[in-house]
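Colleague: could you work out the structure for the sequence below:
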Amino acid sequence: MNDNFDRAPGAGRSRNHPADPGLLAASGDGDSKTTLFNQREPLRQPRTSPPFSENNISDMIGSGGDCKRQNKPQQSANANNASVSRGSNDVDSLVKTSKLSATAAEFVPSGINLYEDPSYDDYESDYSEPSLASTVTEFLAHLSSSPGSFESDVEYITGIFNSWVTTEELLQELVELIYTESTAIPNFSYTGARLCNYLSHHLIVSPPSGNFRQLLLKRCRQEFEQRDAAVRGDTDTQKKFHSFVLFLGELYLHLEIKSKNGPPNRANVLLDALKDLMKSLLSNPVDANLICAVKLLKLTGSVLDDTWKESGKPHMEEIIQTIEKILLDATCSRDVRQMLLKLVELRSSDWGRVRASAASNATPENDPNYFMNEPTFYTEDGTPFTAADPEYAEKYQEILDRQDYFHDTCGDNGNEEYDFEDEMDPEIEEAFENFCLESERKRQQ
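Modeller: This is a model prediction of the structure:
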């Protein structure tokens, strides 16, 4: 066998063949293994090597060494130097042509998109503070849908107005908003007039141009001065004017002016305004104007009539006479004519009111409705009789006696305790016995 055969695991599997035996012998047996590994080929450099600094490169060149190990670092250093020089030239040119300024108010990097999403503004507007117009509109809409909450909510909203309306311009805006909504919302004139009366007494702001009540009356006067043109305008103009007329009627009934002595008074300036508005409506007797006049008189007729009578003015008589002439001459529709007739009858009956003195002195002779609430009874043959019947008292007493008699002959549970057999005639008793016997016979068959 070969003396050079090595039995150690992996022996002889080296990539290099063993050196010349003579070379080994010259170096000695003790260093044979070391010499063998020292003569191996050096490891291959990786394809991507880390960058080398200029100092490391110069050290490697100066210290000498393997030519292969120095070649690639040298090339890398040269490439870096070239890129650095080229980069410095680019920076110099960029600085010369740049429009950036150190004194700019804001710096925005080039990669930032300056486009603003328009929906962001909508998002902010949804959460912005409400305006006076939106607050008034929302509150009046709430009162329109829930008029029963007026007493509980009006104090709260007045507190908001006091903290908000502090200038003459804001007070003017508030008056205009309330007037517009009160005449625009259907059937809101009553609640709007109550709100105006409350604000006229509880709003703190009072600029030199006037307080809330004075500015409201000035706004109503602007609409009042256009009455002659409004009653002859188109449909929309007349509808708007009619809403104003009904709102002014409610305002006259609810707007109170404090007096130094005694209870508050109504605004007498509105009394003359309602008279002139009535004459303007009747001057152009079309259906819409006549319907508005009827509504206004049903609303305020009794109060206007009493006030004018106390001052000795025949204004209501003149209005009724004008309506009677319209019934004879005007070509209004049948329904409107019927409304006017009912209005004249209503005024002739003192606007449907029942005076206390007349009610206390009523007798069957002077009041045809004296027995109106009395009950109606019927005789045995079905003939009705009431308190107006001359024999009513006698028959009514008989009914009461019969009820008392029936109550005395009944027990507590409603069962009769009276023995009716003692009251039977002999013929009735015999017929009853025959009936019982016949029934028993049929049951047995």
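Colleague: following the helix or strand encompassing residue 274, which helix or strand shows up next?
Modeller: For residue 274, the element it lies in under DSSP states H and E is helix 268-283. Where DSSP H and E defines the elements, the next helix or strand beyond helix 268-283 is helix 287-310.
Colleague: give the buried residues for that following helix.
Modeller: By 16 or more other Cβ atoms under 10 Å, the buried positions in helix 287-310 come out as 288-305, 307-308. C-beta here means a position set from N, CA and C on the backbone, and glycine is covered the same way.
Colleague: next: stretch 333-346.
Modeller: 336-337, 339-340, 343, 346.
Colleague: in a markdown table, list those along with pLDDT, distance to residue 315 and secondary structure.
Modeller: Listed next are these as a markdown table, based on pLDDT from 0 to 100; distance: Cβ to Cβ, whole Å; DSSP: H, G, I helix; E, B strand; the rest coil:
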| residue | pLDDT | distance to residue 315 | secondary structure |
| --- | --- | --- | --- |
| 336 | 91 | 23 | helix |
| 337 | 91 | 23 | helix |
| 339 | 92 | 21 | helix |
| 340 | 93 | 18 | helix |
| 343 | 93 | 16 | helix |
| 346 | 91 | 17 | helix |
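Colleague: can I get those in CSV with distance to residue 197?
Modeller: Supplementary listing: the buried residues of stretch 333-346 in CSV, determined by distance: Cβ to Cβ, whole Å:
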residue, distance to residue 197
336, 32
337, 36
339, 30
340, 31
343, 27
346, 27
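Colleague: and which of the residues you listed is nearest to residue 258?
Modeller: residue 346 (33.0 Å; Cβ to Cβ).
Colleague: from residue 195, how far out is that closest one?
Modeller: Distance, residue 346 to residue 195, using Cβ to Cβ, to the nearest Å: 29 Å.
Colleague: try residue 310
Modeller: Distance, residue 310 to residue 195, by Cβ to Cβ: 29 Å.
Colleague: pretty sure residue 168 sits against residue 209.
Modeller: Yes: assessed by Cβ atoms under 8 Å, residue 168 is found in contact with residue 209 at 5.7 Å.
Colleague: could you find the closest non-adjacent residue to residue 324?
Modeller: residue 344 (6.7 Å; Cβ to Cβ, 6 or more residues apart in numbering).
Colleague: and if you look at residue 239?
Modeller: Per Cβ to Cβ, 6+ apart, closest to residue 239 is residue 288, 7.5 Å.
Colleague: same question, residue 250
Modeller: residue 193 (3.7 Å).
Colleague: so which strand or helix has that neighbour?
Modeller: helix 189-202.
Colleague: what inclination does that helix have with respect to helix 287-310?
Modeller: If you take axes from the mean of the first three to the mean of the last three Cα atoms, to 10 degrees, helix 189-202 sits at 50 degrees to helix 287-310.
Colleague: now the nearest residue to residue 257 once chain neighbours are set aside: phi and psi?
Modeller: The shortest distance from residue 257 to any residue other than its chain neighbours is 5.3 Å, reached at residue 265 (Cβ to Cβ, 6+ apart). When read as degrees, to the nearest 10, the backbone of residue 265 gives phi -110, psi 160.
Colleague: who's in contact with residue 265?
Modeller: 256-257, 259 (Cβ atoms under 8 Å, 6 or more residues apart in numbering).
Colleague: over to residue 297?
Modeller: 278, 304, 319, 343, 347 are the contacts of residue 297 under Cβ under 8 Å, 6+ apart.
Colleague: re the thing from before, would you confirm that the residue nearest to residue 239 contacts residue 242?
Modeller: Yes: using Cβ under 8 Å, residue 288 makes contact with residue 242 at a distance of 6.8 Å.
Colleague: rewinding a little: what sits up against the helix holding residue 274?
Modeller: Counting by Cβ under 8 Å, 6+ apart, 217, 220, 224, 227-228, 230-231, 245, 248-249, 251-252, 255, 289-290, 292-293, 296-297, 300, 304, 307, 315, 319, 322-323, 326 sit against helix 268-283.
Colleague: pull out the buried residues from stretch 242-257.
Modeller: 242-256.
Colleague: only alpha carbons, please: show stretch 162-182 as PDB.
Modeller: What follows is stretch 162-182, C-alpha atoms only, in PDB (Å, rounded to 0.1, in the frame of the first residue of the first chain):
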ATOM      1  CA  ASN A 162     -80.200  88.200  24.300                       C
ATOM      2  CA  SER A 163     -76.700  86.800  24.200                       C
ATOM      3  CA  TRP A 164     -76.600  86.900  20.400                       C
ATOM      4  CA  VAL A 165     -78.400  90.100  19.300                       C
ATOM      5  CA  THR A 166     -76.300  92.900  20.700                       C
ATOM      6  CA  THR A 167     -76.200  95.400  17.800                       C
ATOM      7  CA  GLU A 168     -78.800  97.300  15.800                       C
ATOM      8  CA  GLU A 169     -77.900  95.300  12.600                       C
ATOM      9  CA  LEU A 170     -78.600  92.000  14.300                       C
ATOM     10  CA  LEU A 171     -81.800  93.300  15.800                       C
ATOM     11  CA  GLN A 172     -83.000  94.400  12.300                       C
ATOM     12  CA  GLU A 173     -82.100  90.900  11.000                       C
ATOM     13  CA  LEU A 174     -84.000  89.200  13.800                       C
ATOM     14  CA  VAL A 175     -87.100  91.300  13.100                       C
ATOM     15  CA  GLU A 176     -87.000  90.600   9.400                       C
ATOM     16  CA  LEU A 177     -86.500  86.800  10.000                       C
ATOM     17  CA  ILE A 178     -89.400  86.600  12.400                       C
ATOM     18  CA  TYR A 179     -91.700  88.700  10.200                       C
ATOM     19  CA  THR A 180     -90.900  86.600   7.100                       C
ATOM     20  CA  GLU A 181     -91.300  83.300   8.800                       C
ATOM     21  CA  SER A 182     -94.600  84.300  10.500                       C
END
